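Trainee: need a structure here:
(2 chains)
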Amino acid sequence: MVMVLEPGYLLHRRRYRESSLLLEIFTPQYGRMGLVARGAAGGRRSQTGVLQAFQPLLFSWRGRGELKTLASVEGDGPACFRDGKALFGGFYLNELLLRLVLRDDPHPELYQAYDDALQGLGNTETIEVTLRIFEKRLLEAIGYGLVLDREVDSEKDIIPTAVYHFHPQQGPSPSTGSAGEGMTVSGATLLALSRECFDENKDLQEAKQLMRGVLQFHLGDKPLASRKAYMRPARSLS
Amino acid sequence: MNESPLIERLIKALQCLPGVGPRSGQRMAFHLLERGREEGRRLAGVLAEAMEKIGHCELCRTFSEQDLCSVCANLRRDHNQLCVVESPADLMAIEQGTGYRGRYFVLMGNLSPLDGIGPEELGLEVLAHRLREERPAEVIIATSATVEGEATAHYLGGLIREQGLKATRIAHGVPLGGELEYVDSGTLSHAFSGRQILVE
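Mentor: Residues are numbered from 1 along each chain as shown, chains lettered A, B, ... in the order given. Below is the predicted model:
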């Protein structure tokens, strides 16, 4: 099977065998894929330079099975951003995709969300909002979409001023005061996340904690390496 | 194919070198045994000694058999400039290719969160300590022009500015002898945004 000039992004590259690179790419048609770029390590082939994350690319590959062979790659427009803060946000998006999305499982809507998020990261003022929206859409795409606008049991609308108990798998229910599994969250935060529009900084902060808890549930025990790296420069710069 | 287990072990051991597979490992082993016994012994001696004695320079972390490497030990080097590079090979490239007379710090890698390489792995605490002690007038960040290199540069920039020091980044652009038509668009846009005023 030969595919020519498929659009996509590089999520991660690492050395593979002696002189090759193992690429993880994300495309709208084929989802996440593993490709081998033979002889591309160490800048030996001219195309290595363009093989960078956060840069729209056109991939050509051949082969069947889990690992395909990269035939060629070319740039498809300028890189989405070069700012350092945005780069750390980008690493976080890529790690989420690598951890939560399986290979060879097409997700056109998730690809669109990823593309939107990369464009959004270019604006460093709203990085946190961009990350929250991507996390929400990612969960939707992989079948763990969150219920944010109504109570799970009674189907009652969420009231902005009320406080809810949020179970990572089920969704919001009226807060009973007891902790149990899950988090306590305000109605305003749930609605802001549902509308993807954050007017209040405190809602954004609370949404971050909420999404962290929910993602933790799906990611398991192994922590996200990019979150650790992202936290530190942010702190050292403030 | 080989009946001697020692030859097998030699061939296997040679394969730790970059670019050496079973075939070339066998060729090297047979060459040493047939025609290069003396050189082979010398290689074994030097290799054993090097593995034992070569460590990292206390100041810049490059490879050195003394506590300080020759650049750090050289008192005539400019103490006002500090250049941060990713690897000893990068250090050698700058030494050979430029007239740089300042000193270095070698990260031995770059920040790559997805591979689990964070600030501790790069010895950034050692660098921060050096910046506090030496207070160079300029810190030149010479990491690769890859996303990991840029992320490293961003992190270093924060660390350097935190100490009230000046950070500069090496330029990216059209290579010498390069024709614009064949330069990739990313490099070209970098070169374009980093254009300079022509001076006489």
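
Trainee: from here on, contacts and neighbour counts on C-alpha atoms
Mentor: Noted.

Trainee: who in chain A is up against chain B?
Mentor: A:12, A:18-19, A:49-50, A:52-53, A:75, A:77-79, A:82-85, A:87-88, A:91, A:95, A:225-226, A:229, A:233, A:236-237 (CA under 8 Å from any CA of the partner chain).

Trainee: how close does the residue nearest the centre of chain B get to B:Q66?
Mentor: The C-alpha lying nearest the average C-alpha coordinate of chain B belongs to B:S87 (CA atoms, centre = their mean; 1.4 Å). Going from B:S87 to B:Q66 by CA to CA, to the nearest Å gives 18 Å.

Trainee: returning to that earlier point: out of the residues of chain A next to chain B, which are buried?
Mentor: A:12, A:19, A:49-50, A:52-53, A:75, A:78-79, A:82, A:84-85, A:87-88, A:91, A:95, A:225-226, A:229, A:233 (16 or more other CA atoms under 10 Å in any protein chain shown).

Trainee: Quick check: buried residues in the lengthiest strand in chain A?
Mentor: If you go by DSSP state E, chain A has its longest strand at strand A:2-16. Using 16+ other CA under 10 Å as the test for burial, strand A:2-16 gives A:6-13, A:16.

Trainee: Got the domain ranges for chain A?
Mentor: Listed by automatic domain parsing, the domain ranges of chain A are A:2-75, A:85-230.

Trainee: right, is the lowest-mean-pLDDT helix or strand in chain B up against chain A?
Mentor: The weakest-scoring helix or strand in chain B, judged by mean pLDDT, DSSP states H and E, is helix B:185-193 (a mean of 83). Yes. Against chain A, helix B:185-193 shows contacts by CA under 8 Å from any CA at B:185-186, B:189.

Trainee: any idea which of those is closest to chain A?
Mentor: Within the residues of helix B:185-193 next to chain A, the smallest distance to chain A is 5.8 Å, found for B:G186 (CA to the nearest CA).

Trainee: Next, the contact list for that closest one, please.
Mentor: A:50, A:78-79 (CA atoms under 8 Å, 6 or more residues apart in numbering or on different chains).

Trainee: Next: A:I142.
Mentor: Each residue near A:I142 by CA under 8 Å, 6+ apart is listed here: A:100-101.

Trainee: Determine the three-state secondary structure at the closest residue to B:L14 other than its chain neighbours.
Mentor: Closest residue to B:L14 apart from its sequence neighbours, by CA to CA, 6 or more residues apart in numbering or on different chains: B:G25 at 5.5 Å. Secondary structure state of B:G25, per DSSP: H, G, I helix; E, B strand; the rest coil, is helix.
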